[in-house]
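Engineer: next come a sequence and a model predicted from it.
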Amino acid sequence: MKMNNKIEALYIHIPFCKNICTYCDFYKMIAKEEVQNKYIEYLIKELQLKNKLLKNIKTIYIGGGTPSSISLKNLEMLLLTIKKLIDLQKVVEYTIEVNPQDITSNLANLLSLMGINRISMGVQSLDNVQLKFLNRKHNIATVTNAIKLLHENNLFNINCDILYAVYEDNFNRIKHDVDYLENLGIVHFSIYSLILEEKTVLYHKYLNNEFSLMNEDEETILYYKIVNYMKQKGFIHYEVSNFSKENYQSKHNLIYWHNRYYLGIGANASYYYNNTRYTNINNLEKYYLGIDNNNLIYKERLILTKYEQMQEEFIISLRLIKGVSVKSFIKKYNEDPFIVFPFINKLIDNKLLFYQNDYLYIPENKLYISNSILVYFI
Ligand code: SF4
């Protein structure tokens, strides 16, 4: 099997937030400064331990949690280490996730100075009632000011995350938010539906009948209205939930979606290389212990068989509107996907998959039921 063995992408996880959003089930916590200091110290140690794997890094993504919520001193220490260990001349995309209320002139300046060239901002909504419902601490003025400060520091490649199907939602709210942000120069949107996860505040509120959710049909109609509107505005719909202006597709996320190797650093960070999926332990003390012993502790380490790799290739890459290149698949695995997965022909007959110009893809009008198509590959 021919596989590009190089690790081209690096993900770094910062699990700290200043407050907890009602819908969030990510690995995150509110922590004191001392806890954060120690974590950053160990993140740096893990980066140094994995130094040999950093030679071919082309994209870096610092996510969380909220990376912008840590102190400038800690952030600077981390960014300086990255600068020392990775040749940033070869890095084509360097993203950090931020919350709008954290952006100050000093922070924007630091990000720019350290070579960061893409920002992913958690906006979710510009509606005050919805923001309160989600327990987000910004408002439209905070967002506007954050974008202005980022632009003043030459950070123009900005993604905004938007949630839909939020409390009493409708298309006009999303249209308003997208229009407003696009007018401020936003070039990329990740637009996700609100998913009710167990163990979140929102889930309990739902069980207490404090609000109702949109039904599936309403949500599907809303999704297609959003897709059509984004395309009408000149955004390229390149992944189920992602839209960009030309040349602003997320290069880092495309490495995930093309099922290529990437490295992860930090507690609970996931990564994939040598045909193995790893997730670091999600307990800080155990995470530190593993690093101290030069023997990382994992929450999960799963070696994939060739068949599992091929399954994942389809499950992950069919999220892309372009789909899976049959030629690239054959080159990578030395196998014909039509033989490995004989049901593909049936999916094509049923118009659940299209095959055109070398690509197998889910037609746009079936994207909303993509999960029911992807289960065939499991
Ligand atoms: S800021 Fe992000 S990671 Fe933190 S609680 Fe909110 S959604 Fe979760």
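Structural biologist: Noted; the coordinates are in hand.

Engineer: how far does stretch 153-162 sit from the chain's center?
Structural biologist: Mean-position distance between stretch 153-162 and its chain equals 14 Å (Cα atoms, centre = their mean, to the nearest Å).

Engineer: what residues sit buried inside it?
Structural biologist: Using 16 or more other Cβ atoms under 10 Å as the test for burial, stretch 153-162 gives N153, L155, N157, I158, N159, C160, D161, I162. Bear in mind the C-beta positions are built from the backbone N, C-alpha and C, glycine included.

Engineer: and for stretch 129-143?
Structural biologist: Q130, L131, F133, L134, R136, H138, I140, T142, V143.

Engineer: can you flag which of those residues belong to helices?
Structural biologist: Q130, L131, F133, L134, I140, T142, V143 (DSSP state H).

Engineer: domain ranges for the protein?
Structural biologist: Per automatic domain parsing, the structural domains of the chain span 9-257, 324-377.

Engineer: re earlier: so which of the buried residues of stretch 153-162 comes closest to I14?
Structural biologist: The shortest approach to I14 among the buried residues of stretch 153-162 belongs to D161, at 16.3 Å (Cβ to Cβ).

Engineer: so which elements touch the helix or strand harbouring the closest one?
Structural biologist: Assessed by DSSP states H and E, D161 sits inside strand 158-164. Using 3 or more Cβ pairs under 8 Å, 6 or more residues apart in numbering; DSSP states H and E as the contact test, the elements touching strand 158-164 are strand 118-124, helix 171-183, strand 188-193, helix 216-232.

Engineer: element containing the most centrally placed residue in the chain?
Structural biologist: With distances taken as Cα atoms, centre = their mean, the chain has N253 as the residue nearest its mean C-alpha position (6.6 Å). N253 belongs to helix 251-257 when elements are defined using DSSP H and E.

Engineer: which parts of stretch 23-39 are buried?
Structural biologist: Across stretch 23-39, burial judged by 16+ other Cβ under 10 Å covers Y23, C24, Y27, K28, A31, Q36, N37, Y39.

Engineer: filter these by proximity to the ligand?
Structural biologist: Contacts with the ligand within the buried residues of stretch 23-39, counted by Cβ under 6 Å from any ligand atom: C24, K28.

Engineer: any idea which of the buried residues of stretch 23-39 is closest to T305?
Structural biologist: Of the buried residues of stretch 23-39, the one sitting nearest to T305 (Cβ to Cβ) turns out to be Y27, at 27.8 Å.

Engineer: which ones are touching the nearest residue to the closest one once chain neighbours are set aside?
Structural biologist: With Cβ to Cβ, 6 or more residues apart in numbering as the criterion, Y27 has its nearest non-adjacent residue at 3.9 Å, and that residue is N268. Shown in contact with N268 (Cβ atoms under 8 Å, 6 or more residues apart in numbering): H13, P15, Y27, T279, N280, I281, N282, K299.

Engineer: now this structure, which segments are flagged as low pLDDT?
Structural biologist: Across the chain, the ranges flagged by pLDDT under 70 are 1-4.

Engineer: which parts of it sit against the ligand?
Structural biologist: Counting by Cβ under 6 Å from any ligand atom, the chain sits next to the ligand at C17, I20, C21, C24, F26, K28, G64, G65, T66, N99, G122.

Engineer: which of the residues you listed are buried? Put it as a PyMOL command.
Structural biologist: This is how PyMOL selects the buried members of the residues of the chain next to the ligand, with burial counted by 16+ other Cβ under 10 Å:
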select buried, resi 17+21+24+28+64+65+66+99+122
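
Engineer: just the ones in strands from the residues of the chain next to the ligand, please.
Structural biologist: Judged by DSSP state E, the subset of the residues of the chain next to the ligand located in strands is G64, G122.

Engineer: picking up where we left off before, using TSV, lay out the ones in helices among the buried residues of stretch 129-143 together with distance to L320.
Structural biologist: TSV is the format used below for those (distance: Cβ to Cβ, whole Å):
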residue	distance to L320
Q130	29
L131	31
F133	32
L134	28
I140	32
T142	33
V143	29
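
Engineer: tell me the one of these nearest L194?
Structural biologist: Closest to L194, out of all of those and judged by Cβ to Cβ, is L134, at 8.3 Å.

Engineer: pull up the distance across stretch 275-288, start to finish.
Structural biologist: End-to-end distance of stretch 275-288 (Cα to Cα, to the nearest Å): 25 Å.

Engineer: looking at the stretch 201-350 of the chain, which residue is nearest the ligand?
Structural biologist: Per Cβ to the nearest ligand atom, V201 is where the stretch 201-350 of the chain lies closest to the ligand, at 10.2 Å.

Engineer: what distance do you get for that residue to L149?
Structural biologist: Separation of V201 from L149 (Cβ to Cβ, to the nearest Å): 30 Å.

Engineer: look at those two and report which has more neighbours.
Structural biologist: Taking other Cβ atoms under 10 Å, V201 and L149 do not tie; L149 has more neighbours (18 against 14).

Engineer: list the contacts of the more buried one.
Structural biologist: Counting by Cβ under 8 Å, 6+ apart, the residues that L149 touches are I103, T104, S105, A108.

Engineer: out of those residues, which is most surrounded?
Structural biologist: Ranking these using other Cβ under 10 Å puts I103 first, with 25 neighbours.

Engineer: the nearest residue to it once chain neighbours are set aside and A108: what is the separation?
Structural biologist: Nearest non-adjacent residue to I103, counting by Cβ to Cβ, 6+ apart: A146, 3.8 Å away. From A146 across to A108, the span is 8 Å (Cβ to Cβ).

Engineer: what does T144 give?
Structural biologist: 14 Å.

Engineer: okay, and the beta partners of the closest residue in space to S241 that isn't next to it in sequence?
Structural biologist: Closest residue to S241 apart from its sequence neighbours, by Cβ to Cβ, 6+ apart: Y192 at 5.1 Å. Beta-bridge partners for Y192, by DSSP bridges, are L163.
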